[in-house]
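1. kindly return the folded structure for what I paste below:
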Amino acid sequence: MKTFLQLSDESKNIFNDCKISMCRLLFAWIQLQDEALYDILKLAGISYSKWVETINTILMEENDPIKKNELKRINISNRLELTGLDLIKELCRSKDAPDHIEFINQDIDLVNLGRIVSNRLIQTITEEPKPVDPPKCKDISFMKLEPEDEEALLNVGYNLTNVAASGRFDDYSYRQEIILLVESLLSYNKSNCLIPGPAGVGKSAMVEYFAREMVKGKVPERLKNHHIYNVNIGSIISNTKWRGDFEKKLEAIIEAYYKINKAILFMDEFASIIGAGKTEGSEISVISILLPYLAREDGIKVIGATTTEEYEQYLKPSTAFMRRFTVVELQEPSHEAVLKMAQLQCKTLENYHGVKITDKIIDEAYSLSDHLEGRFQPDKIMFLLQKAFVKAEIEGKKSVGMKHLLAVLNEACRKSVGELMEA
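-> Numbers count the residues shown, from 1 in each chain. This is a model prediction of the structure:
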């Protein structure tokens, strides 16, 4: 955020004199290309081009000598502390000033803009130096939101970032592919990511891990303060019986996305988006409405997850839609990676159940998990270990043993202990 002194110095450089006016400072702010100005105008729903055009018009009408300084209400002694937000606030409340009247004549809503700026200034003043650290997520670094700002998104899902901040997600789901996910979100275009992979390899868990790292501020600067929303595609089209209901619901979601300004939508079972919302006699669908927003520089960022089969069958043939996405395929992790995940998960399970487990039993669980057909790692070993911990706790044992692993496999595979040992 540019300070009053920075704007004043830039104004002097542009106009080659020491005269200051509201409009000159606003013009200087434009020349400095401060992202904070873009963000405030976008949040207020004001066209940046119309904002620039209005300021240019006022400057052309000023002529010399410069008209009376509209900054008289600002306490000059506090200039070191003032920013561009204070400048806009003064513009919005100076209802009799010519500049204010010109903005109103150009249909720029200064009332809404003033409210947003005032709220932002209050947040800055009352912001705590260090937020309270919830369990497992120290050094939290993300922006708090007002409930009404995200209401439309919460109607069709939940804030994954808030769940991560509560400490619900463990740290055993790191995958090298997260780097590719981050790279896709930072791309100039195609800043959307699709994660296909077999069921159980950890697609959703990887996004949850990413949300956890985002809360801790361990992401590139441009992704900090973002909120990830787990959006249910079925909820988008539910309760939209009458014509136009679906469009209004999706438009409200898009409006909430831009109001939050820093958001990422995560959609599991992403293949279900194909044809979603489409009705007989109409070409309008979720895709047709979202498509224009996916390719823009300031467009909607989406992370999708789906199985490999559904990607090949439904999404890959939709070439126009898939051109907006970077595909990051997720396969089963290596033997060593699975064991590391299992060891980290078992620390959580030991604390939860009050039962211990050795590395040898974890190794045995990896070998025995091959009997679980139709599942993939790490889902196979996690399923086996979680059930084994439960059985050990029920029996009042102090540690998980081979018999607990075999008992789980006996129930899941319908094979006797003898058959499992022979295999």
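
2. rest of the way, CA atoms for contacts and neighbours
-> Noted.

3. I'd guessed residue 350 sits against residue 358; true?
-> No - using CA atoms under 8 Å, residue 350 makes no contact with residue 358, being 10.6 Å away.

4. which one's more surrounded, those two?
-> More crowded of residue 350 and residue 358, by other CA atoms under 10 Å: residue 350, with 16 against 12.

5. run through the stretch 301-423 of the chain and note the low-pLDDT ranges.
-> For the stretch 301-423 of the chain, the stretches flagged by pLDDT under 70 are 415-423.

6. helices of that one, residue ranges please.
-> Ranges of helices in the stretch 301-423 of the chain, per DSSP state H, counting those that start in this stretch, are 308-310, 319-322, 335-353, 359-368, 379-394, 402-413, 417-422.

7. and the fourth one, what other elements does it pack with?
-> For helix 359-368, the packing partners by 3 or more CA pairs under 8 Å, 6 or more residues apart in numbering; DSSP states H and E come out as helix 335-353, helix 379-394, helix 402-413.

8. domains in this structure, by residue range?
-> Per automatic domain parsing, the structural domains of the chain span 4-126, 147-327, 335-422.

9. can you tell me which of the ones you listed is most buried?
-> Mean neighbour count (mean count of other CA atoms under 10 Å) peaks for domain 147-327 among the domains of the chain, with a mean of 18.

10. gap between it and the chain center?
-> Mean-position distance between domain 147-327 and its chain equals 9 Å (CA atoms, centre = their mean, to the nearest Å).

11. for stretch 357-371, same thing?
-> Centroid separation for stretch 357-371 versus its chain: 36 Å, with CA atoms, centre = their mean.

12. okay, it in PDB with CA atoms only?
-> Extracted C-alpha coordinates of stretch 357-371, given in PDB (Å, rounded to 0.1, in the frame of the first residue of the first chain):
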ATOM      1  CA  ILE A 357       3.200 -50.000  17.300                       C
ATOM      2  CA  THR A 358       6.700 -50.900  16.100                       C
ATOM      3  CA  ASP A 359       8.300 -50.200  12.800                       C
ATOM      4  CA  LYS A 360       8.500 -54.000  12.200                       C
ATOM      5  CA  ILE A 361       4.700 -54.200  12.400                       C
ATOM      6  CA  ILE A 362       4.300 -51.300  10.100                       C
ATOM      7  CA  ASP A 363       6.600 -53.100   7.600                       C
ATOM      8  CA  GLU A 364       4.400 -56.200   7.900                       C
ATOM      9  CA  ALA A 365       1.300 -54.100   7.400                       C
ATOM     10  CA  TYR A 366       2.800 -52.900   4.100                       C
ATOM     11  CA  SER A 367       3.400 -56.400   2.900                       C
ATOM     12  CA  LEU A 368       0.000 -57.700   4.000                       C
ATOM     13  CA  SER A 369      -1.900 -54.800   2.500                       C
ATOM     14  CA  ASP A 370      -1.200 -56.300  -1.000                       C
ATOM     15  CA  HIS A 371      -4.200 -58.700  -0.200                       C
END
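
13. got the contact list for that stretch?
-> 339, 342-343, 346, 350, 380-381, 384-385, 399-402, 405, 409, 413 (CA atoms under 8 Å, 6 or more residues apart in numbering).

14. run the last query once more with 10 Å
-> The contact list for stretch 357-371, computed with CA atoms under 10 Å, 6 or more residues apart in numbering, reads 335, 338-340, 342-343, 346-347, 349-350, 375-385, 388-389, 398-402, 405-406, 409-410, 412-413, 415, 420-421, 423.

15. next one: stretch 395-405
-> Residues outside stretch 395-405 that contact it (CA under 10 Å, 6+ apart) are 350, 353-358, 360-362, 364-365, 368-369, 384-393, 409-410, 417.

16. shouldn't residue 229 be within a helix?
-> No - judged by DSSP: H, G, I helix; E, B strand; the rest coil, residue 229 forms no part of a helix; its state is strand.

17. tell me how far it lies from residue 412.
-> Distance of residue 229 to residue 412, given as CA to CA, to the nearest Å: 34 Å.

18. repeat that for residue 221.
-> Distance, residue 221 to residue 412, using CA to CA: 46 Å.

19. still on that earlier bit, where among the domains of the chain is the average confidence lowest?
-> Lowest mean pLDDT of the domains of the chain: domain 4-126, a mean of 68.

20. and the strands in the stretch 101-250 of the chain?
-> Residue ranges of the strands in the stretch 101-250 of the chain, as given by DSSP state E, counting those that start in this stretch, are 157-159, 192-196, 227-231.

21. figure out which of those strands is closest to residue 251.
-> Ranking these by proximity to residue 251 (CA to CA) places strand 227-231 first, at 14.4 Å.

22. distance between the ends of stretch 28-44?
-> One end of stretch 28-44 to the other measures 20 Å (CA to CA).

23. what's the closest non-adjacent residue to residue 10?
-> Spatial nearest neighbour of residue 10, excluding adjacent residues (CA to CA, 6 or more residues apart in numbering): residue 28 at 5.7 Å.

24. the one you found in helix, strand or coil?
-> helix.

25. from memory residue 301 sits against residue 182, does it?
-> No - between residue 301 and residue 182 there is no contact under CA atoms under 10 Å: 11.5 Å.

26. list the residues that contact both of those two?
-> Taking CA under 10 Å, 6+ apart as the contact rule, residue 301 and residue 182 both touch 191, 192, 193.

27. would you agree the first one is in contact with residue 265?
-> Yep, that's residue 191 we're talking about. No - the pair residue 191 / residue 265 is not scored as a contact, 11.8 Å apart, by CA under 10 Å.

28. mutual contacts of the two, please.
-> In contact with both residue 191 and residue 265: 300, 301, 302, 303, using CA under 10 Å, 6+ apart.

29. sorry, back to before: now render the helices and strands packed on helix 359-368 as a markdown table, adding distance to residue 186.
-> Formatted as a markdown table, the helices and strands packed on helix 359-368 follow (distance: least, CA to CA, whole Å):
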| stretch | distance to residue 186 |
| --- | --- |
| helix 335-353 | 27 |
| helix 379-394 | 30 |
| helix 402-413 | 43 |
